[in-house]
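[1] following is a predicted model, sequence given first.
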Amino acid sequence: MSAPQIIRTPSGEELVVLSRADYEALLERAAEEEEDAFDVAVYDARKAELAACGVVLPAAVSASILRGDSRLKAIRHWREQTQLQLTSKTGIGQGYLSDLETGRRTGTPETLAKLAQALDVPVEWLA
């Protein structure tokens, strides 16, 4: 970034003159910071919502969710289980489990209870 030029108007107001490249760089940085602030706000709101329901997820699960995994997939990975291992424990199909993890389908209360038991987590973590 080059040094900005400062101009003082007759009324005493100071104006800053930047190169176009510096101006664009500042706009880009401001947009990135705004996006980061939005992400933090979403995270804080979701964390508060879960805490209000009595759900406190392990940090590794939360980090996986922030990277884009569904809660079910994040918990399965945290428990170090493959889809096939989990389907053999629960008796549900691998395709159905995949659909649950991607959000294409929602599980019935019975299915979520089986998954929670197999993953050894409270069912509220999957609801």
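    Good, I have the coordinates. Residues are numbered from 1 along each chain as shown.
[2] only C-alpha atoms for contact and neighbour calcs from this point on.
    Will do.
[3] and the helices in the protein?
    For the chain, the helices defined by DSSP state H cover 20-52, 59-66, 71-78, 83-90, 94-102, 109-119.
[4] what packs against the fourth one?
    The reference is to helix 83-90. Counting contacts by 3 or more C-alpha pairs under 8 Å, 6 or more residues apart in numbering; DSSP states H and E, helix 83-90 packs against helix 94-102, helix 109-119.
[5] adding mean pLDDT and mean neighbour count, write the ones you listed out as CSV.
    Compiled in CSV, the helices and strands packed on helix 83-90 are given as follows (pLDDT from 0 to 100; neighbours: other C-alpha atoms under 10 Å):
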stretch, mean pLDDT, mean neighbour count
helix 94-102, 95, 16
helix 109-119, 95, 18
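[6] which one of those helices lies closest to A51?
    Of all the helices and strands packed on helix 83-90, it is helix 109-119 that lies closest to A51, at 18.4 Å by C-alpha to C-alpha.
[7] if we can go back for a sec, want to throw the helices and strands packed on helix 83-90 into a markdown table with distance to A63?
    Formatted as a markdown table, the helices and strands packed on helix 83-90 follow (distance: least, C-alpha to C-alpha, whole Å):
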| stretch | distance to A63 |
| --- | --- |
| helix 94-102 | 16 |
| helix 109-119 | 18 |
